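Chemist: model the following, please.
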Amino acid sequence: MSDPAVARSAHDHAATLPALAAPDGVHALLTNPDPAGHAPLLDALPAYIRRQRWFGAKDCSIVSVGLADAVRLVETPWLVYLVTLDVTLQPTDGPRRTDAYLLPLTVRTEAEGQALFSIRPQAALAWLDVPDGRHLLYDAAGGPDFWVALFDWWTSGLARDSERGTYAGHADAEVCAHTPTVAKPLTGEQSNSAAILDGAYFLKLYRRLERGPNPEVELLQHLTEAGFAHVPALHGTLTFAEGDQHVSVGVIQQALRVETDGWSYATDLVAAFLDRIADRALPDEPLPHDAWDREPETLPDWLETEAADLVQLSRMLGVRTAEMHLALATGTADALRPEPGIPEAVQGLGDRVTAEMQVTRTMLAEQAPSIADTLPFDLPSGEDWAQVQARLNRLTDVETTREKIRIHGDYHLGQTLIADGDVYLLDFEGEPARSLEERRARDYALRDVAGMLRSLEYAAYATLGPRMSDDHLRAWTDRLVRWCEALFRDAYLGVAGDAHFTQPPSARQPMLWAYLLDKTLYEVRYELGSRPDWAWIPLRGLRRLLQPAPVLMPIATAPATDADG
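Modeler: Numbering: from 1, shown residues only. You can find the predicted model right below:
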């Protein structure tokens, strides 16, 4: 039985959509070379784009939207277009820029469109009054039929020419021999859109389009050819060519029998652990060392009996991370080949973190009056920051000529999947806020290591959040975090050994500290700007990085618990 409230909400939303006249039909509306010909559509797009989860510039104002290109992908039994939008943005503190976004569009009759509102209201763009009646224009990616049609065309070997260039799908023989039947769109995607086809293949469309080599395509291709088994194998690509410029539009990968994502799995395990030890006395034992130049730690009995799954996960993550880096270090193509590290690169790391620190200090100072009273610990003082700067300055004394390699670049639990009892790694696009050049640059492997260590801590404290006023559970969580980090470290070094990307023992700790600080400073700014109730987690991590000894401190404010890692 349908929910009357949902039906009313869908009806109300349908009534607020703009109605656009399209006397010459959908094709003319989308492909008219005269901008005035699709002006009504362009007027409706800014508000629509801002509501979409895949729009990645919500901190910018939308100045204008231009319809850059459109190609008719499918004609029957319905029209499907791939549309490229030029979105001109005004950041709060920078020059204007124009980003390109992909928008798959399709139409349905008015009756069919009304039915869609209760399922995918956010996908609806506008009503179109065309010669044969009113139709709904909406984002096709939420519907299973779109993905079946896309796969069918993608593997056909037939290119599609638009006014500006050519769309072409490429796939291996296995995929091309597959007849598509059923697709399941994935609703959790944010920056991209994806679906599982027949339980066998994972299709992803990139929403933000960038000219030049796509880092994910490069790395997936290499890892697949290198035989790295813990990444979903790459089976095909979708590209747009405009002259000698190429844009990656999508990929086809192996679909895994996914049990859950790494973030959800870790937080579930932490929650179960806290329930088990709620009445258990805290052990009188030292915490494991932070240093990465020590022998592996001997595990306490409670860790193996009460947190066995977390022990296994931490070790598995360390092993898979090291295996990924070993595979990436075998690249021989110009864009993948490791490059020698130089002392100036370490100084560059220090300079970058110094700049990040200054931005973060300014933001903290601005928001201190509103957050200081909610924290049970002091915000960093001027003396704290001076000590951090002195430690960053000492990076010039770190001697390393070890290799830089291509790395994941946005590595955390949310970029992992648990499938068939193992850990798989995904989403090699790099940090969305960085430029394409930055995301394709080599870096020290310790940057990925720092990302996963921060994510493990985040998972633990985000889970503790609702119960963090419990001193007993908080103390247990402190210990659990430190042990998970030590297990990850020992497993990583046990596999990576003395590989050229691991850095000499004397350099590991100061460089890892700098990468951890870099990541934590970013987290502080993100949470202050987006989720102030979560800011205590990276601020707590920052306090730990500011002091040589572990900080076991009380916490008093509770965040929500729906983090994505």
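Chemist: CA atoms for contacts and neighbours, from now on please.
Modeler: Fine.
Chemist: by contact count, what packs against the particular helix or strand that has residue 474 in it?
Modeler: Taking DSSP states H and E as the definition, residue 474 sits inside helix 471-496. In terms of contacts (3 or more C-alpha pairs under 8 Å, 6 or more residues apart in numbering; DSSP states H and E), helix 471-496 is packed against helix 262-276, helix 308-328, helix 446-464.
Chemist: ok, and for it, which residues are buried?
Modeler: Residues of helix 471-496 classed as buried by neighbour count (16 or more other C-alpha atoms under 10 Å): 472-474, 476-493, 495-496.
Chemist: thinking again about what came up before, pick the most deeply packed of the helices and strands packed on helix 471-496.
Modeler: Among the helices and strands packed on helix 471-496, ranked by average contacts under mean count of other C-alpha atoms under 10 Å, first place goes to helix 446-464 (a mean of 24).
Chemist: low-confidence ranges, this protein, go.
Modeler: Within the chain, the stretches with pLDDT under 70 are 1-15, 37, 76-77, 188-189, 293-294, 401, 548-565.
Chemist: what about the longest helix in it?
Modeler: Criterion DSSP state H: the longest helix present in the chain is helix 343-371.
Chemist: who does it touch, helix- and strand-wise?
Modeler: Helix 343-371 packs on helix 382-393, helix 505-530, going by 3+ C-alpha pairs under 8 Å, 6+ apart.
Chemist: next, the contact list for the spatially closest residue to residue 459 that is not a sequence neighbour, please.
Modeler: Once flanking residues are discounted, residue 459 sits nearest to residue 267: 5.5 Å by C-alpha to C-alpha, 6 or more residues apart in numbering. Residues near residue 267 by C-alpha atoms under 8 Å, 6 or more residues apart in numbering: 459-460, 462-463.
Chemist: against residue 448, how distant is residue 267?
Modeler: 20 Å (C-alpha to C-alpha, to the nearest Å).
Chemist: put together CSV for the helices and strands packed on helix 343-371, with mean neighbour count and distance to residue 326 on each row.
Modeler: What follows is the helices and strands packed on helix 343-371, written out as CSV (neighbours: other C-alpha atoms under 10 Å; distance: least, C-alpha to C-alpha, whole Å):
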stretch, mean neighbour count, distance to residue 326
helix 382-393, 14, 28
helix 505-530, 20, 17
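Chemist: would you reformat the ones you listed as JSON lines and include distance to residue 373?
Modeler: Output for the helices and strands packed on helix 343-371, formatted as JSON lines (distance: least, C-alpha to C-alpha, whole Å):
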{"stretch": "helix 382-393", "distance to residue 373": "18"}
{"stretch": "helix 505-530", "distance to residue 373": "15"}
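Chemist: who wins for proximity to residue 246 among those helices?
Modeler: Closest to residue 246 of the helices and strands packed on helix 343-371, according to C-alpha to C-alpha: helix 505-530, at 31.5 Å.
Chemist: the inter-axis angle of that closest one versus helix 446-464?
Modeler: With axes from the mean of the first three to the mean of the last three C-alpha atoms, to 10 degrees as the basis, helix 505-530 and helix 446-464 are set at 50 degrees to each other.
Chemist: so what touches the helix or strand just after helix 505-530?
Modeler: Note on helix 505-530: by DSSP H and E, the next helix or strand toward the C-terminus is helix 536-546. Applying C-alpha under 8 Å, 6+ apart, the external contacts of helix 536-546 come out as 375, 379-380, 384-385, 387-388, 458, 461-462, 513, 516-517, 520-521, 523-524, 550-551, 557.
Chemist: coming back round to it: for residue 310, which of the helices and strands packed on helix 343-371 is the nearest?
Modeler: Here helix 505-530 is closest among the helices and strands packed on helix 343-371 (C-alpha to C-alpha), at 21.5 Å.
Chemist: how far off centre is that closest one?
Modeler: How far helix 505-530 lies from its chain's middle: 17 Å, per C-alpha atoms, centre = their mean, to the nearest Å.
Chemist: and stretch 399-419, by the same measure?
Modeler: Relative to its chain's centre, stretch 399-419 lies at 13 Å (C-alpha atoms, centre = their mean).
Chemist: so residue 235, which state does it fall into?
Modeler: Using DSSP: H, G, I helix; E, B strand; the rest coil, the secondary structure recorded for residue 235 is strand.
Chemist: quick check, it in contact with residue 169.
Modeler: No - Residue 235 lies out of contact with residue 169 (C-alpha atoms under 8 Å); the separation is 11.0 Å.
Chemist: rewinding a little: of the helices and strands packed on helix 471-496, which is nearest residue 192?
Modeler: So among the helices and strands packed on helix 471-496, helix 262-276 is nearest, using C-alpha to C-alpha, at 18.7 Å.
Chemist: relative to helix 446-464, how tilted is the closest one?
Modeler: Using the same axes, to 10 degrees: helix 262-276 against helix 446-464 is 50 degrees.
Chemist: which residues does whichever helix or strand comes after helix 262-276 contact?
Modeler: Downstream of helix 262-276, the next assigned helix or strand under DSSP H and E is helix 301-306. Residues outside helix 301-306 that contact it (C-alpha under 8 Å, 6+ apart): 273, 276-277, 311.
Chemist: now do the buried residues in helix 301-306.
Modeler: 303, 306.
Chemist: ok, now stretch 281-289?
Modeler: Neighbour-count burial for stretch 281-289 [16+ other C-alpha under 10 Å]: 288-289.
Chemist: rewinding a little: which one of the helices and strands packed on helix 471-496 lies nearest to residue 57?
Modeler: Residue 57 sits nearest to helix 446-464 of all the helices and strands packed on helix 471-496, at 22.6 Å, using C-alpha to C-alpha.
Chemist: can I get the CA coordinates of that closest one in CSV?
Modeler: C-alpha atoms of helix 446-464 as CSV (Å, rounded to 0.1, in the frame of the first residue of the first chain):
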residue,chain,number,x,y,z
LEU,A,446,53.4,7.1,3.4
ARG,A,447,50.7,9.5,2.3
ASP,A,448,48.3,6.5,1.7
VAL,A,449,49.5,5.0,5.0
ALA,A,450,48.6,8.2,6.9
GLY,A,451,45.2,8.3,5.2
MET,A,452,44.2,4.8,6.4
LEU,A,453,45.6,5.4,9.9
ARG,A,454,43.4,8.5,10.2
SER,A,455,40.4,6.5,9.0
LEU,A,456,40.9,3.8,11.5
GLU,A,457,40.9,6.4,14.3
TYR,A,458,37.9,8.1,12.8
ALA,A,459,35.9,4.9,12.7
ALA,A,460,36.7,4.1,16.3
TYR,A,461,35.8,7.5,17.7
ALA,A,462,32.7,8.1,15.5
THR,A,463,31.4,4.8,16.9
LEU,A,464,32.2,5.8,20.4
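Chemist: secondary structure element holding residue 134?
Modeler: Residue 134 belongs to strand 133-139, assigned by DSSP H and E.
Chemist: who does that strand pair up with?
Modeler: strand 97-109 (antiparallel), strand 124-130 (antiparallel) (DSSP bridges).
Chemist: tell me the first helix or strand C-terminal of it.
Modeler: Criterion used, DSSP H and E; the element after strand 133-139 is helix 144-154.
Chemist: and the direction of that following helix versus that of strand 133-139, what angle?
Modeler: Using the same axes, to 10 degrees, helix 144-154 lies at 70 degrees relative to strand 133-139.
Chemist: distance from the chain centre to helix 144-154, please.
Modeler: Remark: helix 144-154 is offset 25 Å from the chain centroid, using C-alpha atoms, centre = their mean.
Chemist: which is the next helix or strand following that helix?
Modeler: Assigned by DSSP H and E, the successor of helix 144-154 is strand 160-161.
Chemist: that following strand: what's the following helix or strand?
Modeler: Next element after strand 160-161 (DSSP H and E): strand 166-171.
Chemist: show me what that following strand is packed against.
Modeler: Using 3+ C-alpha pairs under 8 Å, 6+ apart: strand 166-171 touches helix 144-154, strand 160-161, strand 234-242.
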